[in-house]
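J.: sequence plus the predicted model coming up.
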Amino acid sequence: MIINYISQGVLGILAIYTLYKFIQSIQLVPTQKAYIVERLGKYQKTLGPGFHALLPFFDQVKYRQDLKEETIEVEPQECFTKDNVKVEVDGVIYLSVTDPVNASYGITNYRFAAVQLAQTTTRSIIGTMDLDDTFEDRAMINKEVVSVLAEMEQAWGIRVHRYEIKNIVTPRTIQNAMERQMTAERERRATIAKSEGVKGSTINDAEGEKREIINVSEGEMQRRINEAEGVAQEIESLAEATAVSIEQIAEALNSPKGKEAMQMRLAEKYISQLSKLADDKNDIIIPTDITNYDAIMAGLSLDKISIVPEKESAKNSG
């Protein structure tokens, strides 16, 4: 009786276990997931997204790989720069699984391995740089770390998209020294900027005075040129007026009774000039030979002067 109960219990347990195995053999793989299946301890196949039925008791899902890009923190580590300054550096790795089989069998833990390789590479690169360069060349450090990790992508079945340094922390004493250095640098730049401003202002003032002097001299020169041109135009106008007057006089002399009229005009001018020589209005000026009036007038005769009109002179010369 007891044996029957025990045998029935064992059969029930075996039935439940068999049912569990059959249920376990049914796999639903989500998107961006990959399941690695082993049959009797040997790699059998990789299951992609969807419904899959495995062979109970023989097939087993050994690894489940996430194919999405993931972020892995690189813990802070101490590094020494080329100038023997201790700094603490941490970062972030962005990677994804591209080959689930290699990610499962090529490395025990690709996440841990990627972090360790990134840390050792960072220490090596910082050891070849001065402290100031580590702050300025972060992009170069990131690029070098990604380049080293890329050499292991095929073996580990992963792809490293990028690596970013988050912080570079220096000791407090170094920070104080850097702050003093930056303060001194800012003061030096301020002094240089101030001196350059004073220099520029002095140059601008000198340029302004120079331009003012040039403008004044050019204005004075233009004024003198204008005055000279005005005098020249005045002389030219007087000369033209005189030439026209002489020509008109010559034409008048050639006209009938012209000489007699001119003779009379000269006599009037002569008498007018004599009257101006007197100092007093009551003074009288008499020629030395007043009785020989005809001789005096004859001396003013136009017959002794050969006046030829300009047009006739040009004809004769032609």
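T.: All right, it came through fine.
J.: give me the buried positions along stretch 128-148.
T.: Buried positions in stretch 128-148, judged by neighbour count with 16 or more other Cβ atoms under 10 Å: Met129, Leu131, Asp133, Thr134, Asp137, Arg138, Ile141, Asn142, Glu144, Val145, Val146, Val148. Just so you know, the C-beta spots here come from the backbone N, C-alpha and C atoms, and that holds for glycine as well.
J.: and stretch 199-208, by the same measure?
T.: Buried residues in stretch 199-208, counted by 16+ other Cβ under 10 Å: none are found.
J.: if we can go back for a sec, got the buried residues of stretch 128-148 as CSV, with distance to Arg123 columns?
T.: Putting the buried residues of stretch 128-148 into CSV (distance: Cβ to Cβ, whole Å) gives the following:
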residue, distance to Arg123
Met129, 11
Leu131, 15
Asp133, 15
Thr134, 12
Asp137, 15
Arg138, 15
Ile141, 11
Asn142, 14
Glu144, 12
Val145, 11
Val146, 16
Val148, 12
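J.: now, which of these sits nearest Gly48?
T.: Ranked by distance to Gly48 (Cβ to Cβ), the buried residues of stretch 128-148 are led by Val146 at 28.5 Å.
J.: can you give me the neighbour number for Tyr163?
T.: For Tyr163, the count of nearby residues is 25 (other Cβ atoms under 10 Å).
J.: that one touches Val146, doesn't it?
T.: Yes. At 5.1 Å, Tyr163 counts as touching Val146 under the criterion of Cβ atoms under 8 Å.
J.: let me see the domain layout of this structure.
T.: The chain resolves into domains spanning 2-66, 70-170, 194-254, 256-318 when parsed by automatic domain parsing.
J.: flag the shaky bits of the stretch 101-250 of the chain, pLDDT-wise.
T.: Counting by pLDDT under 70, the stretch 101-250 of the chain shows no low-confidence range.
J.: just give the nearest non-adjacent residue to Gln119, would you?
T.: Gln77 (5.2 Å; Cβ to Cβ, 6 or more residues apart in numbering).
J.: bridging residues for that neighbour?
T.: Per DSSP bridges, the residues bridged to Gln77 are Val89.
J.: just the pLDDT for it.
T.: Predicted confidence (pLDDT) for Gln77: 92.
J.: show me what contacts Pro100?
T.: Neighbouring residues of Pro100 by Cβ atoms under 8 Å, 6 or more residues apart in numbering: Ala34, Ile36, Thr46, Tyr63, Gln65, Leu67, Gly157.
J.: chain center to whichever strand or helix holds Val216, what's the gap?
T.: Under the criterion of DSSP states H and E, Val216 resides in helix 172-254. Its chain's C-alpha centre and that of helix 172-254 lie 31 Å apart, by Cα atoms, centre = their mean, to the nearest Å.
J.: again, but for stretch 155-164
T.: Offset of stretch 155-164 from its chain centre (Cα atoms, centre = their mean): 39 Å.
J.: restricted to helices, list the buried residues of stretch 128-148.
T.: Judged by DSSP state H, the subset of the buried residues of stretch 128-148 located in helices is Leu131, Asp133, Thr134, Arg138, Ile141, Asn142, Glu144, Val145, Val146, Val148.
J.: hmm, back to that, can you flag which of the contacts of Pro100 belong to strands?
T.: Residues of the contacts of Pro100 located in strands (DSSP state E): Ala34, Ile36, Thr46, Tyr63, Gln65.
J.: which of those residues lies closest to Ile168?
T.: Closest approach to Ile168 among the ones in strands among the contacts of Pro100 (Cβ to Cβ): Gln65, at 33.5 Å.
J.: distance check, the closest residue to the closest one other than its chain neighbours against Phe58.
T.: With Cβ to Cβ, 6+ apart as the criterion, Gln65 has its nearest non-adjacent residue at 4.2 Å, and that residue is Pro100. From Pro100 over to Phe58 the distance is 21 Å, taken as Cβ to Cβ, to the nearest Å.
J.: what count of nearby residues applies to Asp90?
T.: For Asp90, the count of nearby residues is 16 (other Cβ under 10 Å).
J.: pretty sure Ile72 sits in a strand.
T.: Yes. Judged by DSSP: H, G, I helix; E, B strand; the rest coil, Ile72 forms part of a strand.
J.: may I have the beta-bridge partners of it?
T.: Taking DSSP bridges as the rule, Ile72 bridges to Ile93.
J.: that one reaches Asp90, doesn't it?
T.: No. Taking Cβ under 8 Å as the definition, Ile72 is not a contact partner of Asp90, at 11.7 Å.
J.: from the ones in helices among the buried residues of stretch 128-148, pick the one nearest Arg211.
T.: Distance to Arg211, by Cβ to Cβ, is smallest for Asp133 among these, at 49.0 Å.
J.: OK, contacts around the most centrally placed residue in the chain?
T.: What sits nearest the mean C-alpha location of the chain, by Cα atoms, centre = their mean, is Ala193, with 19.4 Å. Ala193 is in contact with no residue at all, counting by Cβ under 8 Å, 6+ apart.
J.: fine by me, we can end here.
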